[in-house]
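1. pasting the sequence and the predicted model now:
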Amino acid sequence: MIKIIKLIIFTFFVVYFASSCAMTTTPAPVRLSHGVDESSGGLPSYIVRIANATFYLEKTGGGLSSMVDKDGIDWIGFHKEPGSGWKGEYRGFPNAIHKQDGSYFHAMNAGTDPARSELTVEESDHVQIIFTSANGKWQGQWDFYADRCDFTMTAVSPGYKYWVQYEGVPGGEMDKDDFWYASADNKSHLIDEPFKGDLPAPEWYAFGDVKSPRMLYILHHEDDEYPDDYLSRPYMTVLGFGRSVKAKHLTSPQTFSIGFVESTEHQQVEHTLKGILDGLAAPTSGR
């Protein structure tokens, strides 16, 4: 009997400590911390880590300054240095409101107007941060999940329009090895090949570098008939959903996902992005 009791006690402690170790060594799928983005020029940031990316969301301007992959490569490359232009200060996401009713939702540079932020959700699988423009007329909501980041323009200043842009550096540097895919066709396009027109649903773009095993994507959740133009600059991409030349077209709340796909195959990228939308459309349990 004593041996049986000892065996039960031993088994209990083995199971208990094994469970405790599993709980302490398994990281949360979404982790929030606070710090600075040194590469941007030392701007204070919300730092959100998910399975395959680390996002630096600048705390004053309300835009992404860096988006770092599993290999430590930043695909945005923002830097606040005045006069750096395409080499730094113009880069970011979503860079949505520019010189019309203010300039908001861009990592803070000399031309960005401030916004106030509020951390509204901090859970192991979801972090939500809401930015409100200084004039109180624009609001942008950031939702970070285990597989991606969503940006939603939840409030639009009456009478004004916006666009959503990815201005960055595929694979860490804009060069001839970069390329892009889009929902318009299944072809690989050189990075300096432009696109003009409305992307077919689901609207998405993905950027890659032949030296990288992954691609950065931007997915527009809603379909529309507005242009989604792309052109390259010497040092960065200029992709604008709801943009034609310098004209903005979006007037209502819209949601955009940004993240990495661990593949460079068009079919896999397309499958992943359709899966995001299918998952959002699926009914929740109990309904």
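-> Sure thing, it's come through.
2. phi first, then psi, for Ile276.
-> phi -60, psi -50 (degrees, to the nearest 10).
3. roughly how far apart are it and Pro82?
-> Distance of Ile276 to Pro82, given as Cβ to Cβ, to the nearest Å: 37 Å. All C-beta atoms are positioned from the backbone trio N, CA, C, and that covers glycine.
4. repeat for Ile47
-> The spacing between Ile47 and Pro82, counted by Cβ to Cβ, is 25 Å.
5. the more surrounded of Ile276 and Pro82?
-> Ile276 (20 against 10; other Cβ atoms under 10 Å).
6. okay, now His249: neighbour count?
-> 18.
7. going forward can the numbers begin at 814, since that is how I track them
-> From this message on, residue numbering opens at 814, which makes the last subject His1062.
8. contacts only, for it.
-> Contact analysis of His1062 by Cβ atoms under 8 Å, 6 or more residues apart in numbering lists Lys974, Trp976, Tyr1039, Pro1040, Gly1055, Arg1056.
9. just those: which are in helices?
-> Among those, no member is found in helices (DSSP state H).
10. farthest pair within those residues?
-> Lys974 and Pro1040 (12.4 Å; Cβ to Cβ).
11. between those two, which contacts overlap?
-> In contact with both Lys974 and Pro1040: Gly1055, His1062, using Cβ under 8 Å, 6+ apart.
12. can you tell me the element the residue nearest in space to the middle of the chain falls in?
-> The centre of the chain sits closest to Ile1071, judged by Cα atoms, centre = their mean, with a distance of 3.5 Å. Using DSSP states H and E, Ile1071 sits in strand 1067-1074.
13. can I get that strand in CSV? Just the C-alpha atoms.
-> Backbone C-alpha positions of strand 1067-1074 (Å, rounded to 0.1, in the frame of the first residue of the first chain) are rendered in CSV as follows:
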residue,chain,number,x,y,z
GLN,A,1067,-12.1,49.8,-44.5
THR,A,1068,-9.9,47.1,-43.2
PHE,A,1069,-6.4,46.0,-44.4
SER,A,1070,-4.3,43.1,-43.3
ILE,A,1071,-0.5,43.1,-43.4
GLY,A,1072,1.8,40.2,-42.7
PHE,A,1073,4.3,37.6,-44.0
VAL,A,1074,3.6,34.5,-45.9
